[in-house]
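Q: got a sequence here, can you build the structure:
(chains A, B, C and D)
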There are 2 protein chains.
Amino acid sequence: MKWDDVGSQACSVARTMAVIGDRWTMLVLRNAFMGTRRFDHFQLQLSVTRHVLADRLKRLVDAGVFRKEAYQPNRYEYRLTEMGLGLYPVLLAITGWGDTWLDEGRGAPLIFQHKGCGQTMTPKMVCSECGESVTARDVIPMAGPGLQASRSAGSANPPAEKRASDAS
Amino acid sequence: MKWDDVGSQACSVARTMAVIGDRWTMLVLRNAFMGTRRFDHFQLQLSVTRHVLADRLKRLVDAGVFRKEAYQPNRYEYRLTEMGLGLYPVLLAITGWGDTWLDEGRGAPLIFQHKGCGQTMTPKMVCSECGESVTARDVIPMAGPGLQASRSAGSANPPAEKRASDAS
DNA sequence: TTGACAGGTTCCAATATAGAACTTAGATTC
DNA sequence: GAATCTAAGTTCTATATTGGAACCTGTCAA
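A: Residues are numbered from 1 along each chain as shown, chains lettered A, B, ... in the order given. Take a look at the predicted model:
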């Protein structure tokens, strides 16, 4: 199977990876969440080639993660949409895992202060219903409506965007 | 910058992506969390080429995410280590985003029952200290011990977290 | 002892990436 | 009002990675 067909599966992981599963994309998003908005700033900060960066930004705009907005004629900013901001838990989870398992004994490169309570926080994944921490051993995955629908429809479709208006 | 150098940055996102940031890797992990353990099963379920699958499994074993264990002479299973199990929040966050933004109006392909409370849950990222939901707007990233250590050690420079000054 | 099976390797063509140079249009400086 | 600068890309070439298929190599089962 080619990578471009992965997103057509009835699986939220596959569909999400089709959008952000590329090697550089999460690093672009990391910097976007840190406030970066312009092509050259991304390019300098990431040291990714301009070619690849242009491609990734375009894909993310097409997917609805970024909004491309002119701040002058012919000059653009890439700003996270609500859909893009929704990726923050993914970034936090990734950061949390890196902090736990890949810190080389030096502690976290970044720490996070929670505005709400003022404390230094670590991200924690909990059950929406009871608020308890969730690990792989605590959940039972079961077929949901999207799976049955796609089975009976029997086909794969292009993403129908609910387009987000702006953010931040 | 070449991709292979990404993991040497003092950034937990970069380090984590160096391990799992590849196109197929999260799909391998998805299936591993669903119970898949053997080479041919991964290959059939994912439709990834054997060559790429072999490479990804090897990398994940080297990184400590999988343990390779003989269940017969010359036949192996790939089982998640504790480090690997620690990636479950990442998978949940990815699933949650896909369910919210990419469901094509059909609802989630999979739903999750929480053993603890018996309810159908959605994953929720909260502050470890106060338990409140966390979004991008609720946290202030600050330099942590791992960043200072790597700066004084003079290793690969982390991207400057400069705030883009903006228009509008 | 013959064949199937699991777990890979090897081969080649197609695609993607890294690095650098080039383009373009409006803004700034002289 | 021409020359320069700047941001945001494109284009180019060499190298690396993928996709697809065939091949190899030990066990196991009949």
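
Q: what parts of chain A come near DNA strand D?
A: Counting by Cβ under 7 Å from any atom of the strand, the positions of chain A adjacent to DNA strand D are A:1-3, A:38-41, A:50-51, A:54, A:57, A:68, A:71, A:74-77. (Glycine included, C-beta is placed from N, CA and C.)

Q: show the buried residues in those residues.
A: A:Arg38, A:Phe39, A:His41, A:Leu57, A:Tyr76, A:Glu77 (16 or more other Cβ atoms under 10 Å in any protein chain shown).

Q: need the phi and psi values for A:Thr81.
A: phi -80, psi -180 (degrees, to the nearest 10).

Q: let me redo that: A:Tyr76
A: The phi/psi pair for A:Tyr76 (degrees, to the nearest 10) reads phi -130, psi 150.

Q: one step back: which of the residues of chain A next to DNA strand D fall within helices?
A: Mapping the residues of chain A next to DNA strand D onto helices (DSSP state H) picks out A:Phe39, A:Asp40, A:His41, A:Arg50, A:His51, A:Ala54, A:Leu57.

Q: and which of the residues you listed is nearest A:Ala10?
A: Checking these against A:Ala10 with Cβ to Cβ, the nearest one is A:Leu57 at 28.0 Å.

Q: hmm, A:Val65 and the closest one touching each other?
A: No - contact criterion Cβ atoms under 8 Å: A:Leu57 and A:Val65 do not qualify, at 9.6 Å.

Q: thinking again about what came up before, Throw the buried ones among the residues of chain A next to DNA strand D into JSON lines and include pLDDT and distance to A:Gln9, thanks.
A: Listed next are these as JSON lines, based on pLDDT from 0 to 100; distance: Cβ to Cβ, whole Å:
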{"residue": "A:Arg38", "pLDDT": "98", "distance to A:Gln9": "34"}
{"residue": "A:Phe39", "pLDDT": "98", "distance to A:Gln9": "32"}
{"residue": "A:His41", "pLDDT": "98", "distance to A:Gln9": "35"}
{"residue": "A:Leu57", "pLDDT": "98", "distance to A:Gln9": "25"}
{"residue": "A:Tyr76", "pLDDT": "97", "distance to A:Gln9": "32"}
{"residue": "A:Glu77", "pLDDT": "98", "distance to A:Gln9": "33"}
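
Q: relative to B:Gly21, which of those is nearest.
A: Among those, and counting by Cβ to Cβ, the member closest to B:Gly21 is A:Leu57, at 17.4 Å.

Q: give the contact list for the closest one.
A: Applying Cβ atoms under 8 Å, 6 or more residues apart in numbering or on different chains to A:Leu57 gives the contacts A:Val28, A:Phe39, A:Phe42, A:Phe66, A:Lys68, A:Tyr78.

Q: swap the cut-off to 7 Å and go again
A: Residues near A:Leu57 by Cβ atoms under 7 Å, 6 or more residues apart in numbering or on different chains: A:Phe66, A:Tyr78.

Q: count the neighbours of A:Phe42 for me.
A: Neighbourhood size, A:Phe42 [other Cβ atoms under 10 Å in any protein chain shown]: 24.

Q: check it and give its pLDDT.
A: In this prediction, A:Phe42 carries a pLDDT score of 98.

Q: ok, it touching A:Val28?
A: Yes - between A:Phe42 and A:Val28 there is a contact under Cβ atoms under 7 Å: 6.1 Å.

Q: B:Val134 versus the residue nearest the centre of chain A, what's the distance?
A: Residue closest to the mean C-alpha point of chain A, counted by Cα atoms, centre = their mean, is A:Leu87 at 3.8 Å. A:Leu87 sits 13 Å away from B:Val134, taking Cβ to Cβ, to the nearest Å as the criterion.

Q: near chain B at all, stretch A:13-29?
A: Yes - Stretch A:13-29 comes into contact with chain B (Cβ under 7 Å from any Cβ of the partner chain), by way of A:Val13, A:Ala14, A:Arg15, A:Thr16, A:Met17, A:Gly21, A:Asp22, A:Arg23, A:Met26, A:Leu27.

Q: give me the nearest residue to the second one, chain neighbours excluded.
A: Pointing back at A:Ala14 there. Nearest residue to A:Ala14 in three dimensions, chain neighbours excluded: A:Val6, at 5.2 Å (Cβ to Cβ, 6 or more residues apart in numbering or on different chains).

Q: check contacts around that neighbour.
A: Residues in contact with A:Val6 (Cβ under 7 Å, 6+ apart) are A:Ala14, A:Met17, A:Ala18.

Q: can I get those residues in a markdown table with secondary structure?
A: Listed next are these as a markdown table, based on DSSP: H, G, I helix; E, B strand; the rest coil:
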| residue | secondary structure |
| --- | --- |
| A:Ala14 | helix |
| A:Met17 | helix |
| A:Ala18 | helix |
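
Q: so where do the helices sit in chain A?
A: A:12-20, A:25-33, A:39-46, A:50-63, A:82-85, A:88-101, A:145-153.
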